[in-house]
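[1] After the sequence you'll find the predicted model.
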Amino acid sequence: MEPLTILAQAAGSSSEPVLRVQPVLDSLWGQVTTLSWLQAIIAISFGVVYLLYGWRIFKVLVVICFGLVGVFAGINIGARFGSEILGGILGLVALGGLSIPLMRWAVSLLGAVSGGILTSGIWYACGLPERYMPAGALIGIIAGGMISFIVFRIAVMLFTSLGGGTLIVTGVLSLLYHYERVQEPPTETMKAMLYNHQWFLPVLLLASTLIGMMSQSKFVKDSKTWKV
């Protein structure tokens, strides 16, 4: 029996998937509905800069990314010792500061994570079993990590393009959501697209990421002053 047939049968026989995408969609939609018109426009503006010119400010963006991870990790650890604020501050200083001398490794790690996000999105868009989505993410993590170590600039362009694309997509969806709310009667087309069409969100993120990478590639090629 072919491996794909075995995989399909295994997925069909499982009553509970290991991974669910629903919480991710709920979190994203919560951000979309929470943003105001002004905040959505600001998100799009920052996203455009992030998407097109992230290669010029990537060191700052790396420190910010690791600093935010440190904050969340520190808050969770600090909560166990009764001091979430102190834990968040220590986590921010620790990871944010550590990313500065280890910049190349930090960028490569972000490139690997970005690759995993994109391949897991493609897996979801193709309607493959959510149970095996970590396998799709692992492919992207390995590929993104290897490419990052071979061609450092690709890692920079990959994670900045994905980050900028995420901000733009979130902002645009928020603007469309607010537009639908003022219609008579109000509509929920964007919500239906997000929840009912698996290809919708991955296609938006992949398209914006590719646009960013192609644009940055041209800008980097034409620039003689950029140094990694």
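    Ah, there it is. Only a predicted model underlies this, so the values are computations on that prediction, with no experimental measurement involved.
[2] Tell me how many other residues crowd the closest residue to Gly121 other than its chain neighbours.
    Distances taken as Cβ to Cβ, 6 or more residues apart in numbering place Pro202 nearest to Gly121, at 3.6 Å, with adjacent residues excluded. Any C-beta I mention is one placed from the backbone N, CA and C, and that applies to glycine too. Neighbour count for Pro202, taken as other Cβ atoms under 10 Å: 20.
[3] check which helix or strand covers Pro202.
    helix 200-222 (DSSP states H and E).
[4] cool, Ile64 as well?
    Using DSSP H and E, Ile64 falls within helix 58-80.
[5] buried stuff in that helix?
    58, 61-63, 65-67, 70-71, 73-75, 78 (16 or more other Cβ atoms under 10 Å).
[6] Show me which of the residues you listed is closest to Met103.
    Nearest to Met103, judged by Cβ to Cβ, of those is Val62 at 6.3 Å.
[7] can you pull the contacts of the closest residue to the closest one other than its chain neighbours?
    Nearest non-adjacent residue to Val62, counting by Cβ to Cβ, 6+ apart: Ala106, 5.0 Å away. Residues counted as contacts of Ala106 (Cβ atoms under 8 Å, 6 or more residues apart in numbering) are 62, 66, 99.
[8] can you check Leu61 too?
    50, 54, 159-160, 163.
[9] Need the max-distance pair from the residues you listed.
    Across the contacts of Leu61, the longest distance by Cβ to Cβ is 9.9 Å; it joins Tyr50 and Phe159.
[10] the more surrounded of the two?
    Per other Cβ under 10 Å, whichever of Tyr50 and Phe159 has more neighbours is Phe159, with 30 against 24.
[11] The more buried one contacts Ala112, correct?
    No - with contact defined as Cβ atoms under 8 Å, Phe159 does not reach Ala112; the gap is 9.1 Å.
[12] can you put the contacts of Leu61 in a markdown table and add distance to Met213 and pLDDT?
    Shown next, in a markdown table, are the contacts of Leu61 (distance: Cβ to Cβ, whole Å; pLDDT from 0 to 100):
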| residue | distance to Met213 | pLDDT |
| --- | --- | --- |
| Tyr50 | 13 | 90 |
| Gly54 | 10 | 87 |
| Phe159 | 10 | 92 |
| Thr160 | 9 | 93 |
| Gly163 | 12 | 92 |
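[13] Which of these fall in strands?
    Among the contacts of Leu61, the subset assigned to strands under DSSP state E is empty.
[14] so of the residues you listed, which ones are in helices?
    With helices defined by DSSP state H, the entries of the contacts of Leu61 inside them are 50, 159-160, 163.
[15] Okay, now the unreliable bits of this protein?
    Across the chain, the ranges flagged by pLDDT under 70 are 1-20, 222-228.
[16] how about the strands in it?
    Listed in chain order, the chain contains no strands at all (DSSP E).
[17] Leaving out sequence neighbours, find the closest residue to Ile168.
    Here the residue nearest Ile168, using Cβ to Cβ, 6+ apart, is Gly47, at 3.7 Å.
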